[in-house]
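how would this look folded up:
(2 chains)
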Amino acid sequence: AQTVTQSQPEMSVQEAETVTLSCTYDTSESNYYLFWYKQPPSRQMILVIRQEAYKQQNATENRFSVNFQKAAKSFSLKISDSQLGDTAMYFCAFMNPLGGTASKLTFGTGTRLQVTL
Amino acid sequence: GAVVSQHPSRVICKSGTSVKIECRSLDFQATTMFWYRQFPKKSLMLMATSNEGSKATYEQGVEKDKFLINHASLTLSTLTVTSAHPEDSSFYICSARRDRVGGELFFGEGSRLTVL
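Just a heads-up that it's a prediction; the model follows:
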């Protein structure tokens, strides 16, 4: 079974600064997908960024980028120019696509990010 | 992006009653829907995978008779918590996959159940 570990329960960053959230995972598969989801106080999960394991290039989405180290099984999220609206719980997630459309997400325990003035 | 809606967003019920939570994909057909449970300040725990027209697949440790899942159409899945007890109080979240393998999962707003 796959496991996802987020070792930082809480983090704080000042507005406009950069912060990196860490995530490691364990799998014996070679093809898989990795995701970062954001859960703001409204509680609705929002996809931040995704990475396909067979792609070497790190995914980026505006201020959000990842550092994907396949050999180390590491998938960190970097948030640049942090904004107050980035305050949320961030979950790292893993998916093995072998289940087809029923492929499910395995979530980490989450990192609570607080952006301060 | 695609929209998934859950109803009700909050529900309070008495112990022993049953509660139904609906999950709808509003602008796409969902081949698969997933139901999660989230305790305060905790991660999402997958309860079951729901496919249209077939029985749901439950995760180990989830009581099938307690948490009834029905996926009657490509846009609607329901979770019924039967004979609810205070320990069933939680935040329940659904998600839906639109199409391709590895495709993005779209999440509902969640439903907070409080059992008195």
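
Just give the nearest non-adjacent residue to the one residue in chain B that gets nearest to chain A, would you?
Closest residue of chain B to chain A, CB to the nearest CB: B:Phe107 (3.8 Å). Backbone N, C-alpha and C define where each C-beta goes, glycine included. In space, and not counting its chain neighbours, B:Phe107 is closest to A:Met45: 3.8 Å by CB to CB, 6 or more residues apart in numbering or on different chains.

Just give me the neighbour total for the one you found.
Close neighbours of A:Met45, defined as other CB atoms under 10 Å in any protein chain shown, add up to 29.

tell me the phi and psi of it?
With angles defined as degrees, to the nearest 10, A:Met45 sits at phi -70, psi 130.

circling back: quick check, the residue of chain B closest to chain A in contact with B:Ser95.
Yes: using CB atoms under 8 Å, B:Phe107 is in contact with B:Ser95, at 4.6 Å.

The residue lying closest to B:Leu26 once chain neighbours are set aside: how many residues sit nearby?
Distances taken as CB to CB, 6+ apart place B:Val3 nearest to B:Leu26, at 4.3 Å, with adjacent residues excluded. By other CB under 10 Å, the residues close to B:Val3 number 12.

same check, this time on the one 10 residues further on
For B:Cys13, the count of nearby residues is 16 (other CB under 10 Å).

quick one: it from B:Asp88, how far?
Between B:Cys13 and B:Asp88 the distance, using CB to CB, to the nearest Å, works out to 9 Å.

shared neighbours of those two, anything?
Applying CB atoms under 8 Å, 6 or more residues apart in numbering or on different chains, one finds that B:Cys13 and B:Asp88 are jointly contacted by B:Leu113, B:Val115.

list the contacts for the residue of chain B closest to chain A?
A:Tyr37, A:Gln44, A:Met45, A:Ile46, B:Val4, B:Ile93, B:Cys94, B:Ser95.

Format those residues as TSV; extra columns: pLDDT, secondary structure and distance to B:Trp35.
Formatted as TSV, the contacts of B:Phe107 follow (pLDDT from 0 to 100; DSSP: H, G, I helix; E, B strand; the rest coil; distance: CB to CB, whole Å):
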residue	pLDDT	secondary structure	distance to B:Trp35
A:Tyr37	96	strand	16
A:Gln44	89	coil	15
A:Met45	92	coil	13
A:Ile46	92	strand	19
B:Val4	93	strand	12
B:Ile93	96	strand	8
B:Cys94	96	strand	5
B:Ser95	95	strand	8
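
ok, of these, which one's closest to A:Asn67?
Closest approach to A:Asn67 among the contacts of B:Phe107 (CB to CB): A:Tyr37, at 17.4 Å.

If that closest one is in a bridge, with which residues?
Under the criterion DSSP bridges, A:Tyr37 forms beta bridges with A:Leu47, A:Phe91.

who's in contact with it?
A:Met45, A:Ile46, A:Leu47, A:Val48, A:Tyr90, A:Phe91, A:Ala93, A:Phe107, B:Phe107.

for chain B, what are the nearby residues on chain A?
Applying CB under 8 Å from any CB of the partner chain, we find that chain A lies next to chain B at A:33, A:37, A:42-47, A:50, A:52, A:91, A:95, A:97, A:100-110, A:112.

ranges for the helices of chain A?
For chain A, applying DSSP state H gives no helices.
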